[in-house]
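*Asks:* Provide a 3D model corresponding to the input given below.
(chains A and B, ligands or ions: 1)
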Amino acid sequence: MYVYDEYDRTLVAERVAQFRGQVARRLSGELSEDEFRPLRLMNGLYMQLHAYMLRVAIPYGTLSSVQMRQLAMIARKYDKGYGHFTTRQNIQYNWPKLDAVPDILADLAKVEMHAHQTSGNCIRNVTADQYAGAAADEIEDARITSEVIRQWSTFHPEFSFLPRKFKIAVTGSPHDRAAIKVHDIGLRTIRNDHGEVGYEVVVGGGLGRTPIVGLTIREFLPKRHLLSYLEAILRVYNQEGRRDNLFKARIKILVQSMGGTAFTEKVEAEWRAIRKDAVDFSSEDFARIAAQFAPPRYVTSTAHSAEFEAARLADKDFEAWCRTNLAPHKQPGYAIVNISLKPIGGVPGDATAEDMELFAKIAELWSFSAIRVTHSQNLVLPYVRLSDVHAVWQALRGAGLAAPNIDLITDIISCPGLDYCNLANARSIPVAQRISERFASLDRQYDIGELKIKISGCINACGHHHVGHIGLLGVDKKGEEFYQITLGGSADENASLGTLVGPAFSYDRVVDAVETLVETYVTKRQPGEIFLDTYRRLGVAPFKEALYGSHPA
Amino acid sequence: MALIQHSDFADDSWIRLDDASEAPIGAKIIVSLERWQRDRESLLGRNAPVGVLLKSNQPPALIAADIDRLSLIALEFPKFTDGRAYSYARLLRERHGFKGELRAVGNILRDQLFFMRRVGFDAFEVPDRARAQEWLKSFGDFDVVYQETGDGRRRPVRVREPEIGG
Ligand code: SF4
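*Replies:* Prediction:
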């Protein structure tokens, strides 16, 4: 993985020193909370319902065992012994004390981590395919592109005060695991007819209160022009994005109001005028970064492992877990292992310090010390030899961390909701927990198959409910928690936004409603169909009828 | 109000002229874009340096043709969160080749000076001199930069020695 050089180290250390000074100015009263606010936000420090919350960046979701151990140490020393992995490949601590935050940042810096650009109206921590470098289907490792973008966007002097936050996602495979079409900019790595690697550039997607699937503004951007093209897009947005209305300030609104063609022409014109050599990385620059992501020293290339096959046959729990939690690897004889952070009844994305230490140790023993964080709030061990998979599973299972439910109905994405967030209308986590308990039976989960439930506690959509096969959105009805249900959303290469099915359900009835939807699918599905397929084939009508009868209220 | 020029406090030799007042003879004046557009000929005929202040909704393209006639361009930050002028500054320096004083005015935070200088500003109107030294220190917040923005600083990836091995 990418290792900081002296420049990266200096920069992060200087940032810690700067923030230490800012906190001291705040504590001494020299800075008011109003003046301090933008400064703390530049360092990922939010004010939540009960306390400060620190959001730490995990650039493109990549962690080493050493880093994971440090995250555990921080959870224990400065927080209540746990952390929360978010839908944007970050980790959040919910209980830090202000005067300790500079020390936390210094402890993060020791393991080449930071909280830059996890908040504020800047280019946020870039996110990427969690299988990058390991996926059987990838064209190129998305971490290379992501690291190039990380360097370029770090404290970018021109783009640190944008109209609104700005999120970039990168996928290295045709299959989109990074939800690029619902980001401000999405980059899909492709190979053109001449065998050249480049990107499809998608702009103006996003969720929140105005969900929009992004628009492709360039079918093929040669790799070497990545940064100049990003700079052109950002420059158009920085100058022309709306600043008078918080809710209309994202780039998606600019693209919509200008029209796709006019926006694209503006970007292309700006790009033609940019001195590209001052911005773009040379192929040597790319190569130097790519070298940092060289594959680990695999010890086998034999596709078959007799031990692995024997263990699968001998142990049906292991077999069940393998079926859901493994993904194909580009190196024969290896697997990508998903660790579910969604045990039945648990809080999606939460991990205790002990859990984190176990993940660190397992990765060290069996995955070249590499760990990934996914946007579905799970973890990945990217390089596990097939013959070690059984040992990994046993270690996880011993700690109750072997939930065999990746992409199943209990693998729920949920935002923090009313339990933590001061913008929330309704709780999200307890709804996720209750759905998970309702569908706890594994046989039932397998029968239902792939089904992505996503829950947001308010219209800001941090739980990505618009792109859930079933999406739940917390709304406030006269002081009571209600949930709107959307159906048919998806965040992959065939991205679509969910359709509102009808009137909202109360907290007490929403789990029943989800069950009714699932039962409707089970009754009406054709062989081989997952929930989304059945929905796409039949439309909303039968689901609506099942929920509300033939005369919906 | 105090003025930082380059990296130190300085006396302001310019005066801000409103749209109605007569320009004092020989004075270095800063006028609004509206006044510049209205009185361009007479302002140029004064035989004294003239500068224009652009508001954050007035992109530099509006004065691109006159860049060589202007000794100073001031860009206004109505709120510190309004970052349009960061782009304007780069365009003025890097695309239009503006060589005169580029001044940041309006709502500026101390912790923004570093960014402002990087995009090409070399003068800053700041609220007070009381915390003068603290403000000046902000220029030194970071030794490392990752972008080449026309302030001459190079990003590290270009100056790194090639690594041996993998
Ligand atoms: S969706 Fe709303 S409630 Fe949930 S975390 Fe985001 S802002 Fe908070």
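
*Asks:* find the centremost residue of chain A, please.
*Replies:* residue A:375 (2.4 Å; C-alpha atoms, centre = their mean).

*Asks:* quick one: buried residues of the host helix or strand of residue A:187?
*Replies:* Residue A:187 is located in strand A:185-191, with elements delineated by DSSP states H and E. For strand A:185-191, the neighbour count (16 or more other C-beta atoms under 10 Å in any protein chain shown) marks A:185, A:186, A:187, A:188, A:189, A:190 as buried. In short, each C-beta sits where N, CA and C put it, glycine included.

*Asks:* distance from the next helix or strand after that strand to the middle of the chain?
*Replies:* Downstream of strand A:185-191, the first helix or strand assigned by DSSP H and E is strand A:197-203. Distance of strand A:197-203 from its chain centroid, counting by C-alpha atoms, centre = their mean, to the nearest Å, is 19 Å.

*Asks:* got the buried residues for the next helix or strand after strand A:197-203?
*Replies:* Note on strand A:197-203: by DSSP H and E, the next helix or strand toward the C-terminus is strand A:215-222. Judged by neighbour count (16+ other C-beta under 10 Å), strand A:215-222 contains these buried residues: A:215, A:217, A:218, A:221.

*Asks:* where is the longest helix in the chain?
*Replies:* Answering for chain A, as no chain was given. The single longest helix within chain A, with elements called by DSSP state H, is helix A:6-27.

*Asks:* actually it's chain B I care about, not the one you picked
*Replies:* helix B:33-44.

*Asks:* quick one: buried residues of it?
*Replies:* Taking 16+ other C-beta under 10 Å as the criterion, helix B:33-44 shows B:35, B:36, B:39, B:40, B:43 as buried.

*Asks:* quick revisit: switch the buried residues of strand A:185-191 over to CSV; also include pLDDT and distance to residue B:152.
*Replies:* Listed next are the buried residues of strand A:185-191 as CSV, based on pLDDT from 0 to 100; distance: C-beta to C-beta, whole Å:
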residue, pLDDT, distance to residue B:152
A:185, 98, 29
A:186, 97, 34
A:187, 98, 30
A:188, 96, 36
A:189, 96, 34
A:190, 95, 36
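
*Asks:* got these as a markdown table, with distance to residue A:490 columns?
*Replies:* As requested, the buried residues of strand A:185-191 are exported to a markdown table (distance: C-beta to C-beta, whole Å):
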| residue | distance to residue A:490 |
| --- | --- |
| A:185 | 20 |
| A:186 | 14 |
| A:187 | 19 |
| A:188 | 16 |
| A:189 | 20 |
| A:190 | 20 |
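
*Asks:* among those, which one sits closest to residue A:501?
*Replies:* residue A:186 (27.4 Å; C-beta to C-beta).

*Asks:* next up, the contacts around the closest one.
*Replies:* Contact analysis of residue A:186 by C-beta atoms under 8 Å, 6 or more residues apart in numbering or on different chains lists A:168, A:169, A:170, A:171, A:178, A:179, A:180, A:201, A:202, A:203, A:205, A:214.

*Asks:* residue A:431 reaches residue A:414, doesn't it?
*Replies:* Yes - contact criterion C-beta atoms under 8 Å: residue A:431 and residue A:414 qualify, at 7.3 Å.

*Asks:* neighbour-wise, which of these two wins?
*Replies:* The neighbour comparison of residue A:431 against residue A:414 (other C-beta atoms under 10 Å in any protein chain shown) goes to residue A:414, with 30 against 24.

*Asks:* which two of the buried residues of helix B:33-44 have the greatest separation?
*Replies:* B:35 and B:40 (9.0 Å).

*Asks:* could you export stretch A:448-455 as PDB, CA atoms only?
*Replies:* This file holds the C-alpha atoms of stretch A:448-455, laid out as PDB (Å, rounded to 0.1, in the frame of the first residue of the first chain):
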ATOM      1  CA  ILE A 448     -34.600 -14.100  -0.100                       C
ATOM      2  CA  GLY A 449     -31.200 -13.700  -1.700                       C
ATOM      3  CA  GLU A 450     -29.500 -10.400  -2.500                       C
ATOM      4  CA  LEU A 451     -31.500  -7.500  -1.100                       C
ATOM      5  CA  LYS A 452     -30.000  -4.200  -0.100                       C
ATOM      6  CA  ILE A 453     -31.800  -2.200   2.600                       C
ATOM      7  CA  LYS A 454     -30.600   1.300   3.200                       C
ATOM      8  CA  ILE A 455     -31.800   3.600   6.000                       C
END
